[in-house]
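> All I have is the shape, not the residue letters:
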């Protein structure tokens, strides 16, 4: 995954006011799309235009919506990391951290705040993939 792209997507999650299908699609393309997936999308676009490319992306994503779903956001958390998340003062918060390092910002993302816990967790997971520990 491209570090700068992950950070850009995390910032967009933190600024979002609710679920965003377009952002979900960009996250999926950045995090999960294989070369074969990208080729299938391009072929669909070239052969049948934007509607066919969108159809192919939707089928490949298979309901992936981390900006709306905590379950989908959890699929983005790097292996070996734990999470904490919830609601506080009308906003969602989340943090990805290495087990045993709770509260140690050198080993986690720090607390990320967003409109909902799903958005905060998505942003935290993207930041964790980018290696953003909150200390840079």
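That came through, no problem. In this text, all values refer to a predicted model and were calculated from it rather than measured experimentally. Numbers count the residues shown, from 1 in each chain.

> What is the end-to-end distance of stretch 76-92?
For stretch 76-92, the separation between the terminal residues is 17 Å (C-alpha to C-alpha, to the nearest Å).

> Correct me if wrong: residue 87 contacts residue 118.
No: assessed by C-beta atoms under 8 Å, residue 87 is found out of contact with residue 118, at 11.2 Å. All C-beta atoms are positioned from the backbone trio N, CA, C, and that covers glycine.

> Those two: who's more crowded?
The residue with more neighbours, out of residue 87 and residue 118, is residue 118; 26 against 11, by other C-beta atoms under 10 Å.

> A strand includes the more buried one, no?
No: assessed with DSSP: H, G, I helix; E, B strand; the rest coil, residue 118 is helix; it does not lie in a strand.

> Tell me the pLDDT of it.
Listed pLDDT for residue 118 reads 97.

> swap in residue 51?
Looking at residue 51, the pLDDT reads 78.

> contact partners of the helix or strand harbouring it?
In the assignment (DSSP states H and E), residue 51 maps to helix 50-61. With C-beta atoms under 8 Å, 6 or more residues apart in numbering as the test, helix 50-61 has contacts from 24-25, 28-29, 33, 37, 40-42, 44-45.
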